[in-house]
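Asker: this is a predicted model, with the sequence first.
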Amino acid sequence: MKKLAFLSVALLAFAIPANAQQIQTKYSGIQPIEHPSSYAEKYFAEEVGVLTKGTVKVEAYANTQLGDAVANVQSIRNGTIGFTTVSASNLNQVLPAMDMYSLPFLFKNEQHFWWFLAQPTAANLAKQLEDKGIKIIAYMDSGARNLFTQKPVNTPEDLKGQKIRVMASPVMVNTMKSLGATGVPVAWAELYTALQTGVVDGAENNHPSVVAKKFYEVSKYYTIDEHMRIPDVIAMSMKLYTQLNDDQKKAVLEAGARTQAYMRGAWKISEVKDLEALKAKFTQIITPDKAPFVKAVSGMVSEEGKRLGVEKEIAFILDSQKNF
């Protein structure tokens with residue numbers, strides 16, 4: 001027993017350089033512990049520990065234990081937490097141009113989506129956040145977003161008069177308006193109750209999130225219109241980043257790259273599995289003709305591009321659709 005204890009101490013001493021002071025920080029997630037995002041966050045924390053040889057310790061918290069998405073963005077900026085997973089839509093509060101990612105039917109498919117995120121155009125947009133206290137170190141898959149409602153939705157006309165929960169994104173609110181509905185921002189942690197009590201008539205999100213939060217218990221129909229593909233990001237506090245030495249910075253960025261790859265695999269497995277589960281949970285799964293939905297929002301996409309100052313970026317993305 002004494003030998004084992006001595007060995008543990010010796011290994012710890014070897015792992016952490018004698019002259020290094022350990023930096024401890026927190027990673028705030030909003031999804032339940034069984035959601036693929038939460039697994040990826042835990043994986044990232046472990047990778048940072050390994051790659052920095054124990055000089056940076058990250059503690060991962062799931063299920064909004066440290067705050068919801070809006071609060072987490074502010075906590076990243078002021079350095080209260082070191083990392084968070086947040087939808088690019090929720091970064092519009094810091095940099096309005098990030099709401100570009102909320103535009104409907106922007107990406108043709110999953111391949112197109114990931115291709116764009118690897119382009120300099122996406123990197124240049126992310127770089128603008130650094131002056132605001134946020135560094136994007138990786139993208140996280142969040143799939144395609146679909147509608148779940150109390151009434152069947154086959155066409156945009158079916159959404160007329162309905163209150164649909166959206167994130168606190170002007171683009172998402174205007175998207176619902178273009179489709180005939182009213183977009184109602186509701187905190188993620190409060191959505192189940194909002195659906196249950198009729199505060200909203202429906203909402204929209206991806207398969208794993210619907211399963212993880214059991215929204216099928218408080219809605220009847222699932223319309224797979226795939227109206228948006230919004231990336232989640234691993235956002236890092238610039239206050240933390242500037243505290244790290246060059247080796248630690250390199251290690252954190254490598255951990256981000258590994259987590260991005262890990263999450264893509266985990267997401268694909270979860271997405272396929274959870275769609276099968278949803279087929280048995282909802283009253284009906286609807287796969288509508290997307291063309292009327294695309295037509296209904298086309299004018300809004302152009303208007304929002306001008307408002308956000310991202311006309312060139314949107315034109316680039318839409319033009320590249322033909323290659324996918």
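Answerer: Received it, and whenever you're ready, just let me know what you need.
Asker: next, give phi and psi for the residue nearest to Ile30 when sequence neighbours are not counted.
Answerer: Distances taken as CB to CB, 6 or more residues apart in numbering place Thr64 nearest to Ile30, at 4.8 Å, with adjacent residues excluded. Using the backbone N, CA and C atoms, a C-beta is placed for each residue, glycine as well. Backbone torsions of Thr64, given as degrees, to the nearest 10, read phi 60, psi 30.
Asker: same deal with Thr182?
Answerer: Dihedral angles (degrees, to the nearest 10) for Thr182: phi -110, psi 120.
Asker: check Thr25 too.
Answerer: According to degrees, to the nearest 10, Thr25 has phi -150, psi 180.
Asker: dig out what it forms beta bridges with.
Answerer: Beta bridges link Thr25 to Val58 when assigned by DSSP bridges.
Asker: before we move on, back to that, count of neighbours near the residue nearest to Ile30?
Answerer: With neighbours defined by other CB atoms under 10 Å, the count for Thr64 comes to 18.
Asker: ok, Pro185 next?
Answerer: When counting by other CB under 10 Å, one arrives at 14 neighbours for Pro185.
Asker: also Pro152?
Answerer: Neighbour tally, Pro152, other CB under 10 Å: 15.
Asker: skipping adjacent residues, who's closest to it in space?
Answerer: Tyr221 (4.8 Å).
Asker: what about Val301, which SS state?
Answerer: Three-state call for Val301 (DSSP: H, G, I helix; E, B strand; the rest coil): helix.
Asker: do the same with Ala203
Answerer: Relying on three-state DSSP, one would call Ala203 strand.
Asker: contacts only, for the residue nearest to Ile30.
Answerer: Ile30, Trp188, Ala189 (CB atoms under 8 Å, 6 or more residues apart in numbering).
Asker: ok, the strand or helix carrying His227: who's next to it in the sheet?
Answerer: Assigning secondary structure by DSSP states H and E places His227 in strand 221-228. Using DSSP bridges, strand 221-228 pairs in its sheet with strand 145-149 (antiparallel), strand 284-286 (parallel).
Asker: I would like the residues contacting the last one, please.
Answerer: I take that to be strand 284-286. Contacts for strand 284-286 (CB under 8 Å, 6+ apart): Pro152, Val153, Asn154, Lys220, Tyr221, Tyr222, Thr223, Ile224, Leu278, Lys279.
Asker: measure the first one to Ala181 for me?
Answerer: As judged by CB to CB, to the nearest Å, Pro152 and Ala181 stand 14 Å apart.
Asker: cool, and the fourth one?
Answerer: Relative to Ala181, Lys220 is positioned 16 Å away (CB to CB).
Asker: neighbour count: the two, which is higher?
Answerer: Ala181 (26 against 15).
Asker: check what pLDDT that one gets.
Answerer: With respect to pLDDT, Ala181 scores 98.
Asker: pretty sure it contacts Ile164?
Answerer: Yes - the criterion here is CB atoms under 8 Å, and Ala181 meets it with Ile164 at 4.7 Å.
Asker: output the below-cut-off pLDDT ranges for the protein.
Answerer: Low-confidence segments of the chain (pLDDT under 70): 1-20.
Asker: the helix or strand that Ile164 is a member of packs against which elements?
Answerer: Taking DSSP H and E as the definition, Ile164 sits inside strand 163-166. On a contact count with 3 or more CB pairs under 8 Å, 6 or more residues apart in numbering; DSSP states H and E, strand 163-166 meets helix 170-178, strand 182-185, helix 191-197, strand 202-205.
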